[in-house]
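Q: Build me a structure from this.
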Amino acid sequence: MDFNLSDMQRMLLDSAERLVGDRYSLEHRRALRDRQDGFDAGAWASFAELGWLALAVPEEKGGLGGSFDDVAVLMTAVGGRLVVDPLVSNAVIAPAILSDAPDAGLLAEIAAGERRVALAHDEPGERYGRGPRLTRLSRRGNGFALTGQKMLVLDAGSADTLIVTASIEGEDGTVLVRVDKNAANVTAEAYPLIDGTVAADIRFGAVDVTADAILVQAEHGQVVLEKSFDHGKIALMAQAVGSMEATLSICAAYLKERHQFGQAIGKFQALQHIMADMFVAAHQARSALYQSLSVAGGDGRARARAVSLAAITIGETSQFVSRNAIQLHGGYGVTDEYEVSHHYRRLLTLEKTYGDIDFHIRRIASLDAG
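A: Sure thing, here's the model as predicted:
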């Protein structure tokens, strides 16, 4: 794997850092947090114009056909500025699901910034469930009726279209079906998470679904889901690496500015040791990210193992870095006025999304046993 950025990746990184650096101040983040959808429509238009939403979309589907390395470069930049707009749901999860789906129009609308989607998968009574769904498609006339409940649907607050996982009457496996969030008999209860992102619990009360709304058939559903979750986790791990590296910069600046006993606290050896350990941990996280990127396009088993190993490493290092950042700031670090508290909450959320540390430990054990 080539660790050097290509010319295109360097341009992508420069433009991303410039845009999010100028726009995503702490005050802007607070303003978004107070909105019910947690969404910046102006920034989203810029994302589409810059091609971020089309980066992972194949060229034959109207996208840029970028590699997953390109996606990781972008995600690292947005992670450093705590961008919580629904980039992963639309620029990573959606292409993973829809690149081989017959509905090319939906993917084109997403890439153009004209439509936003959210994957509705998790259900009550489970934790990171990957098996058969209780949400069901029952045959009704020439189409289906969708009945069931989803919980913790990420980015649902800003989405207008849902990609729903469900079992289908008379078939084994999991289908993925397109549903208008504003359709009759769809009710959504949105709520903020601790990092300012917006999720929702959604109920489907015998919602009419046409046959052509099925995006992925039951025999392919589980494979497509596993790929989309792994790609989503890699993207979020890249954001975590960006957040950790930004946290290091914030702490380094604070240690130079804060004075005690007539000198900058950065001169105290004990704090220097803490910063050194945080620096090593952040570099370890980036190395784990590179390892997962090296197999992002590989077969399911190798990809799953590499992603889970990276998720464990990055999950542990992100908590080590963010908690020590709080300690370096003292009591101020936990307050909303200090940016390190926002990085702490964001990194905690990233670790829990698409499988926490415990989930990925069990996943590796299951892969090794099988």
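
Q: List the buried residues for the host helix or strand of residue 273?
A: Under the criterion of DSSP states H and E, residue 273 resides in helix 269-294. Buried positions in helix 269-294, judged by neighbour count with 16 or more other CB atoms under 10 Å: 271, 274-275, 278-279, 281-282, 284-286, 288-289, 292-293. C-beta: built from backbone N, CA, C; applies to glycine.

Q: Show me what it is packed up against.
A: Applying 3 or more CB pairs under 8 Å, 6 or more residues apart in numbering; DSSP states H and E, we find helix 269-294 packed against helix 68-80, helix 218-257, helix 300-329.

Q: Give me whichever of those helices is most buried.
A: Among the helices and strands packed on helix 269-294, ranked by average contacts under mean count of other CB atoms under 10 Å, first place goes to helix 68-80 (a mean of 24).

Q: Please identify the helix or strand for the residue lying closest to residue 77 once chain neighbours are set aside.
A: Nearest residue to residue 77, sequence neighbours excluded (CB to CB, 6 or more residues apart in numbering): residue 16, at 3.8 Å. For residue 16, the host element (DSSP H and E) is helix 7-23.

Q: Next, the angle from whichever helix or strand comes after that helix to helix 7-23.
A: Note on helix 7-23: by DSSP H and E, the next helix or strand toward the C-terminus is helix 26-33. Computed by axes from the mean of the first three to the mean of the last three CA atoms, to 10 degrees, the angle separating helix 26-33 from helix 7-23 equals 80 degrees.

Q: What residues sit buried inside the next helix or strand after helix 26-33?
A: Note on helix 26-33: by DSSP H and E, the next helix or strand toward the C-terminus is helix 41-50. Applying a neighbour-count criterion of 16+ other CB under 10 Å, one finds 43-44, 47-48 buried in helix 41-50.

Q: Helix 41-50 to helix 26-33, inter-axis angle?
A: Going by the same axes, to 10 degrees, helix 41-50 makes 100 degrees with helix 26-33.

Q: Would you mind pulling the contact partners of helix 41-50?
A: 15-16, 19, 23-24, 53-54, 83, 85, 87, 91, 111-113, 116 (CB atoms under 8 Å, 6 or more residues apart in numbering).

Q: ditto for stretch 94-103
A: Counting by CB under 8 Å, 6+ apart, 56-58, 61, 63, 104, 106-107, 110, 117, 119, 163, 176, 178, 212, 215-216, 224-225, 227-228, 231-232 sit against stretch 94-103.

Q: Which of the residues you listed are buried, as a PyMOL select command?
A: The PyMOL selection below is limited to those of the contacts of stretch 94-103 classed as buried (16+ other CB under 10 Å):
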select buried, resi 56+57+58+61+63+106+107+110+117+119+163+176+178+215+216+224+225+227+228+231+232
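
Q: what mean pLDDT would you report for the helix holding residue 273?
A: The average of the pLDDT scores along helix 269-294 is 96.

Q: Run the chain-centre distance for it.
A: Centroid separation between helix 269-294 and its chain, computed with CA atoms, centre = their mean, to the nearest Å, is 21 Å.

Q: Just want the angle from it to helix 218-257.
A: 160 degrees.

Q: need the contact list for the nearest residue to residue 96 once chain neighbours are set aside.
A: Of all residues not flanking residue 96 in the chain, residue 228 sits nearest, at 3.9 Å (CB to CB, 6+ apart). Taking CB under 8 Å, 6+ apart, we find residue 228 in contact with 93, 96-97, 119.

Q: got it, and residue 276?
A: By CB under 8 Å, 6+ apart, residue 276 lies in contact with nothing.

Q: how far away is it from residue 325?
A: Residue 276 is 14 Å from residue 325, where distance means CB to CB, to the nearest Å.

Q: And for residue 253?
A: Taking CB to CB, one finds residue 253 at 12 Å from residue 325.

Q: likewise residue 279?
A: From residue 279 to residue 325 the distance is 12 Å (CB to CB).

Q: do residue 350 as well
A: To residue 325, residue 350 is 15 Å away according to CB to CB.

Q: helices and strands around the helix holding residue 16, which ones?
A: Partner elements for helix 7-23 (3+ CB pairs under 8 Å, 6+ apart): helix 41-50, helix 68-80.

Q: roughly how far out does that helix sit from the chain middle?
A: Relative to the chain's own centre, helix 7-23 is displaced by 19 Å; criterion: CA atoms, centre = their mean.

Q: Can you show me the CA trace of it as PDB?
A: Extracted in PDB, the C-alpha atoms of helix 7-23 (Å, rounded to 0.1, in the frame of the first residue of the first chain):
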ATOM      1  CA  ASP A   7      -2.000  14.500  -6.600                       C
ATOM      2  CA  MET A   8      -5.800  14.000  -6.700                       C
ATOM      3  CA  GLN A   9      -5.900  13.000  -3.000                       C
ATOM      4  CA  ARG A  10      -3.800  16.000  -2.000                       C
ATOM      5  CA  MET A  11      -6.200  18.300  -3.900                       C
ATOM      6  CA  LEU A  12      -9.100  16.600  -2.200                       C
ATOM      7  CA  LEU A  13      -7.500  17.000   1.200                       C
ATOM      8  CA  ASP A  14      -6.600  20.600   0.700                       C
ATOM      9  CA  SER A  15     -10.100  21.600  -0.500                       C
ATOM     10  CA  ALA A  16     -11.800  19.600   2.300                       C
ATOM     11  CA  GLU A  17      -9.600  21.200   5.000                       C
ATOM     12  CA  ARG A  18     -10.200  24.600   3.600                       C
ATOM     13  CA  LEU A  19     -14.000  24.200   3.400                       C
ATOM     14  CA  VAL A  20     -14.600  22.600   6.800                       C
ATOM     15  CA  GLY A  21     -11.900  24.800   8.400                       C
ATOM     16  CA  ASP A  22     -13.700  27.900   7.300                       C
ATOM     17  CA  ARG A  23     -17.200  26.800   8.000                       C
END
